[in-house]
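Enquirer: Here's my sequence, what's the structure:
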Amino acid sequence: MESEVIAALIGTPAVLVTAAAAWLAGRAQSRGAYHGPVDAVRRTAQREAYANLFRSAHQFIRAWEAAEEALTRIGPLREGAEVPPDVRELSRQMLEAQNSLEHAADMVRLEGPESLAEIAERIWRSTAILGGQYLGPRWGRTAPLFDANLPGPAFMVARNEAMTDFTDAHSALLPTARQYLNGGPSR
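Expert: Numbering: from 1, shown residues only. Prediction:
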């Protein structure tokens, strides 16, 4: 056999291995080129969802505290009693904040991961309890009115537990989101 043929036969496996490696590397690179922008957009949407939930939770708790303080100041609401305009406005703001928080929690539950979806659920669930009772048409109201003066020790226990759960979940939101977004394992 001629030396050129022998050299070609000896070099063929090395060429095939090199070609296969180059093909696999190109395939991996093209996959990364496709998924990179998709992952970046998804990460941005998650970051916005987590930040929106955090802001909405702050907005809700400020509105809730203001409405509760105002309603405590005027005392228990009675059917047909005139409610001061500032109390109606505070109650409207709290309801608006609660609706905004519900939307933000839904977005986090959609975006995930599971650890953050659970935090969003806890925040929303405690908010629904803290929101108390809305006095609407049966009270002659054209708009719902938040009532912080619901009687009974069972309500107070539920409200205190809801506030504790809200505070704990809200405190866990940022560290868990930061850990997830920065590539660490989420809790």
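Enquirer: Quick check: next helix or strand after the one helix or strand Gln93 maps to?
Expert: Using DSSP states H and E, Gln93 maps to helix 85-111. Following helix 85-111 in sequence order, the next helix or strand is helix 114-130 (DSSP H and E).
Enquirer: Sort out which residues of that next one are buried, please.
Expert: 116, 118-120, 122-124, 126-127, 130 (16 or more other Cβ atoms under 10 Å). Every C-beta, even on glycine, is put in place using the N, C-alpha and C of the backbone.
Enquirer: quick one: which of these is nearest Ala67?
Expert: The shortest approach to Ala67 among these belongs to Leu130, at 10.2 Å (Cβ to Cβ).
Enquirer: That closest one: what's it in contact with?
Expert: 64, 159, 162-163, 166 (Cβ atoms under 8 Å, 6 or more residues apart in numbering).
Enquirer: in this structure, which spans are strands?
Expert: Secondary structure of the chain (DSSP state E): strands at 133-135, 145-147.
Enquirer: just checking, Ile123 touches Leu53?
Expert: Yes - counting by Cβ atoms under 8 Å, Ile123 touches Leu53, with 6.9 Å between them.
Enquirer: No further questions, thank you.
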